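> Predicted model and sequence follow; I will ask about them next.
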Amino acid sequence: KVDIKEQDNKYILEAELPGVNKDEITVELRDDMLTISVQRDERIEETKENYIRRERRYGSQSRSFYLENVKAEEIKANFENGILSISLPKKEVKANKTRKIDIN
């Protein structure tokens, strides 16, 4: 689940990533596209009396969002308690100045 909130000077993106470790997450910005990826490689080995159990689980997920008017160099991310929070500062958008030109 991903929530995106707009504030006066920034956007806040919060993604729920339960059971994921910080080192399994990649966040990239390329050509105004923010991509969050998770790559998991989980192995469980258990040995008891007469049997051996081995389980392996591999997987990857990614989610992308188009961003415009964001200061790429000021983006910050934090991961705590299974929530990835990304602060996306807005660029100042200059109003289009329109000027009527008289025709002689």
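Thanks, I have it. Numbering: from 1, shown residues only.
> In contact with Glu14, which residues are there?
Val2, Asp3, Ile4, Lys5, Ile83, Leu84, Ser85, Ile86 (CB atoms under 8 Å, 6 or more residues apart in numbering). Just so you know, the C-beta spots here come from the backbone N, C-alpha and C atoms, and that holds for glycine as well.
> let's go with 6 Å and repeat that
Going by CB atoms under 6 Å, 6 or more residues apart in numbering, Glu14 touches Asp3, Ile83, Ser85.
> How much space separates it from Ser85?
For Glu14, the distance to Ser85 equals 5 Å [CB to CB, to the nearest Å].
> Ok, Ile36 next?
From Ile36 to Ser85 the distance is 11 Å (CB to CB).
> Compare those two (neighbour count), which wins?
Ile36 (20 against 14; other CB atoms under 10 Å).
> so Thr35 sits right up against Val27, yeah?
No - in this structure, Thr35 is not within contact of Val27 by CB atoms under 6 Å, at 7.3 Å.
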